[in-house]
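# prediction below, plus the sequence it came from.
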Amino acid sequence: MNGAALEEVPTVPRALGLPRLAFVGTGWIGRHRLESVIRSGAGVAAVIADPDPAAAAAAAAVAPDASIVSSFEAALEAAREAGVDGVVIATPSALHAEQSITALERGLAVFCQKPLARTAAETRRVIEAARAADRLLGVDLSYRYTDAARRVRDVVRSGAVGSIFAVDLVFHNAYGPDKSWFYDPIRSGGGCVIDLGIHLLDLALWTLDFPSVGRVASRLFAEGRPLELPTAAVEDFGVAQLDLETGATVRLACSWRLAAGREAVISASFHGTHGGAALHNVDGSFYDFVAERYDGTRSHQLSAPPDAWGGRAAVAWAEALGGGRSDPRVTAGTRRARGFDPAVACLIPTAAALDAVYGR
């Protein structure tokens, strides 16, 4: 993979009084989010927690003044002593909901890797905990923060391509996850659909302003074998069709380890009555995207690389936690520091749609 597109902005000098943060889980993704927040100047790393000494040491090289601990429980204690404002969670999926709820109940804001939880019921519990604690909850649905997605959303929301009646979503990854917990449905919540498909399903519903999802039909496969739903196996290929209250239909296809002739195939296409708009990756890249508007046989480019979007969701959350403006790619206006953001409630119907894909 070409990681160049994930290099974030240089360190920006900022005044004192920035939110103090704990980072729990500092593998590749967690460390990258740590680096993004530090380099942007949006927050200060006060605590780092990881059971892997090598991962913790790599993170400490980025934030040498942070306290280093080995567990979530120790991180919460260190956070209390250090006056931490929020916690960034990048642990295995099965831990997300309970760790988020525990942190929120301790009065900490939370930024969590996707999925926030494995099911809609778990997702609802986390959001209700954030509401009860009146703390800011963010989820790393990072594709919303690409310039390509923002451009497509602007075109769709403007009505320039007419009424959207169909959406095609594709995410094929030539590789599979390298951690064993991904292949345990109890620890992961599912396979490629909840790992990859969640990004594009969220992107589609976000672009369309979160219409209700009606009937859902799906087929899941493991090593070419169709699975009977609900299943105790983890799928490596999935297709689904979701009918929306607007009358539009969304078609999703995603996979791990698919022989697609390149490292990744990623696209989201919106078909309207007067044209279309789409984003797609470039030359198999996981990070470089082009956005286009379609008018018959003509296309007009809306956005092209470079676009270092990888850590923007975490940075926007940290800035909002500090009382700054929220990122316009998600919502307009300002957010009260540390306060509950009701927009996260949109995560519940998305999680319910994923439940339906899995036959839960």
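It's in.

# would you check that Ala63 makes contact with Val37?
No: with contact defined as Cβ atoms under 8 Å, Ala63 does not reach Val37; the gap is 9.4 Å. Heads up, the C-betas are built off the backbone N, CA and C, glycines and all.

# tell me what the residue nearest to Val170 when sequence neighbours are not counted is bridged to.
Distance criterion Cβ to Cβ, 6 or more residues apart in numbering; nearest residue to Val170, sequence neighbours excluded, is Ser267 at 4.8 Å. With DSSP bridges applied, Ser267 shows beta-bridge pairing to Val170, His280.

# which residues does Ser267 contact?
Going by Cβ atoms under 8 Å, 6 or more residues apart in numbering, Ser267 touches 168-170, 278-281.

# how near is it to Asp168?
7 Å (Cβ to Cβ, to the nearest Å).

# list the buried residues of the worst-scoring helix or strand of the chain on mean pLDDT.
One helix or strand of the chain scores below all others by mean pLDDT, DSSP states H and E: helix 185-188, with a mean of 93. Neighbour counts over helix 185-188 (16 or more other Cβ atoms under 10 Å) mark 185, 187-188 as buried.

# helices of the stretch 101-250 of the chain, start to end?
For the stretch 101-250 of the chain, helices defined by DSSP state H, counting those that start in this stretch occupy the ranges 120-133, 147-158, 185-188, 192, 198-207.

# out of the ones you listed, nearest to Leu76?
Within the helices of the stretch 101-250 of the chain, the stretch nearest Leu76 is helix 120-133; the backing value is 13.9 Å (Cβ to Cβ).

# elements contacting the closest one?
helix 93-105, strand 137-140, helix 347-357 (3 or more Cβ pairs under 8 Å, 6 or more residues apart in numbering; DSSP states H and E).

# okay, now the sheet partners of the second one, with direction.
Meaning strand 137-140. strand 109-113 (parallel).

# residues contacting the strand it pairs with, please?
Residues outside strand 109-113 that contact it (Cβ under 8 Å, 6+ apart) are 19, 25, 29-30, 33, 85-91, 93, 96, 99-100, 103-104, 126, 130, 135-140, 313-314, 317-318, 321, 338.

# please repeat the previous calculation with a cut-off of 7 Å.
29, 85-90, 96, 100, 103-104, 135-140, 314, 317, 321, 338 (Cβ atoms under 7 Å, 6 or more residues apart in numbering).

# what's the separation between the residue sitting furthest away from the middle of the chain and Gly162?
Distance from the C-alpha centroid of the chain, by Cα atoms, centre = their mean, peaks at Thr297 (33.1 Å). Separation of Thr297 from Gly162 (Cβ to Cβ) stands at 17 Å.

# the strands in the stretch 1-150 of the chain, which residues?
Per DSSP state E, counting those that start in this stretch, the stretch 1-150 of the chain carries strands over the ranges 20-24, 44-49, 67-69, 86-89, 109-113, 137-140.

# same question for the stretch 201-350 of the chain.
Counting by DSSP E, counting those that start in this stretch, the strands of the stretch 201-350 of the chain are 213-222, 225-226, 237-244, 249-256, 264-272, 275-281, 289-295, 298-303.

# direction included, what does the last one pair against?
If you go by DSSP bridges, strand 298-303 pairs up with strand 289-295 (antiparallel).

# now the angle from the strand it pairs with to helix 147-158?
If you take axes from the mean of the first three to the mean of the last three Cα atoms, to 10 degrees, strand 289-295 sits at 30 degrees to helix 147-158.

# how about the nearest residue to the residue most central in space within the chain, chain neighbours excluded?
The residue lying closest to the centre of the chain (Cα atoms, centre = their mean) is Leu141, at 1.9 Å. Closest residue to Leu141 apart from its sequence neighbours, by Cβ to Cβ, 6+ apart: Asp202 at 4.8 Å.

# look at the one you found and report its pLDDT.
pLDDT recorded at Asp202 is 98.

# and it, how many neighbours?
24 (other Cβ atoms under 10 Å).

# isn't it right up against Ala353?
No: at 9.7 Å, Asp202 does not count as touching Ala353 under the criterion of Cβ atoms under 7 Å.

# how is this protein partitioned into domains?
With domains defined by automatic domain parsing, the chain comprises 3-142+310-342, 147-306.

# in a markdown table: these, plus distance to Pro349.
Output for the domains of the chain, formatted as a markdown table (distance: least, Cβ to Cβ, whole Å):
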| stretch | distance to Pro349 |
| --- | --- |
| domain 3-142+310-342 | 8 |
| domain 147-306 | 6 |
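
# lowest-confidence stretch among those?
Among the domains of the chain, domain 3-142+310-342 scores lowest, at a mean of 88.
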